[in-house]
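Asks: coords please:
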Amino acid sequence: MDTYKLEEIWIYPVKSLGGIRLSSAQVMEKGFQYDRRYMLMDENNMFITQRAFPLMSQFKLGNFGESFSVRFEGDIIEIPKNPERTGEHFEATIWDDTVKVAELSKEHSQWFSEKMNLACKLVFFPEENDRLVDQGYATNQEHVSLADGYPFLIIGQRSLDDLNNRLSAPISMKRFRPNLVFSGGKPFAEDSWREFTIGDNRFVNLKLCARCVLTTIDPETGKQGTEPLATLAKFRRIDNKVNFGANLVALDHNIIKEGDKIQVHSTVQLI
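Replies: A predicted model of the protein is given here:
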């Protein structure tokens, strides 16, 4: 029987900016605590990502007590982990959803606007605000943060190893922005998981994760190419979508830790 272990935990406090690796994290319904509770939006209240602005890959985040630091070309600004609801409130669009968000401060928005050379606002998503997971996949009307559509993304290290064996130059797991990275098993073992536990937390695999051009942006340099999408499209395409990793919801909301054992309880054929 294959054995699996959780090796890495990642959060992305500001949607589409750099990630932070944690040794442990609080599982919540919308995703890990602090994961994608912030985002940048443009003058039309539309969310902004690396898909259109690869420069966003060059904003690096750090974890300091009650705040996160955001560093760009030597300049640093701090954003609170638990922002006060004192800023202006807006309705923002993220894919097909309209969500209620609040501006952190005019100063923060100005800082990001100057760095991006684009008028934008830094907004946050209060924990009590609503945003349903796609009801075609949800198990119990779960909610999600400002992530693209689902609270958690898991990828096996051996899945990346298999992909890298097919590429002319290997890439890092950072390209795929997972929350959970595990060791063990065969490449793409996560494809067939349905119900499983990590430590004391039960998860359900809702669907495979369809990948986009964001994966072609090198997070170290911000430069864009054609890989890994070109190679993935040759062997990971279903219904005109290129899949890598799996989208999850959590049934329990306990602490999760690197090194936790993963136990698979049921499987399903997703690919």
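Asks: so, low pLDDT: which residues of the stretch 151-271 of the chain?
Replies: Scanning the stretch 151-271 of the chain for pLDDT under 70 picks out 270-271.
Asks: so which residues of the stretch 101-250 of the chain form strands?
Replies: Applying DSSP state E, counting those that start in this stretch to the stretch 101-250 of the chain gives strands spanning 121-124, 152-156, 180-183, 193-198, 201-210, 237-238, 241-250.
Asks: would you format those strands as JSON lines with distance to D218 and mean neighbour count included?
Replies: For the C-beta atoms, the positions are set from N, CA and C on the backbone; glycine is no exception. Putting the strands of the stretch 101-250 of the chain into JSON lines (distance: least, CB to CB, whole Å; neighbours: other CB atoms under 10 Å) gives the following:
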{"stretch": "strand 121-124", "distance to D218": "24", "mean neighbour count": "26"}
{"stretch": "strand 152-156", "distance to D218": "18", "mean neighbour count": "24"}
{"stretch": "strand 180-183", "distance to D218": "19", "mean neighbour count": "22"}
{"stretch": "strand 193-198", "distance to D218": "29", "mean neighbour count": "20"}
{"stretch": "strand 201-210", "distance to D218": "20", "mean neighbour count": "20"}
{"stretch": "strand 237-238", "distance to D218": "23", "mean neighbour count": "12"}
{"stretch": "strand 241-250", "distance to D218": "17", "mean neighbour count": "22"}
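Asks: could you export those strands as TSV, including distance to K257?
Replies: Formatted as TSV, the strands of the stretch 101-250 of the chain follow (distance: least, CB to CB, whole Å):
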stretch	distance to K257
strand 121-124	26
strand 152-156	15
strand 180-183	12
strand 193-198	9
strand 201-210	10
strand 237-238	33
strand 241-250	15
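Asks: F68 is nearest to which of the ones you listed?
Replies: strand 121-124 (11.5 Å; CB to CB).
Asks: tell me the mean pLDDT for the closest one?
Replies: For strand 121-124, mean pLDDT is 98.
Asks: partner strands of that strand and their direction?
Replies: The partner list of strand 121-124 in its sheet, established with DSSP bridges, is strand 38-41 (antiparallel), strand 97-103 (antiparallel).
Asks: what about the most far-flung residue of the chain relative to its centre, distance to R175?
Replies: Farthest-out residue of the chain from its mean C-alpha position, per CA atoms, centre = their mean: M1, at 29.8 Å. Distance from M1 to R175, counting by CB to CB, to the nearest Å: 31 Å.
Asks: got a list of contacts for stretch 154-167?
Replies: For stretch 154-167, the surrounding residues in contact (CB atoms under 8 Å, 6 or more residues apart in numbering) are 4, 7, 170-171, 173, 176, 178-190, 203, 205, 227-228, 231-232, 235, 244-246, 248.
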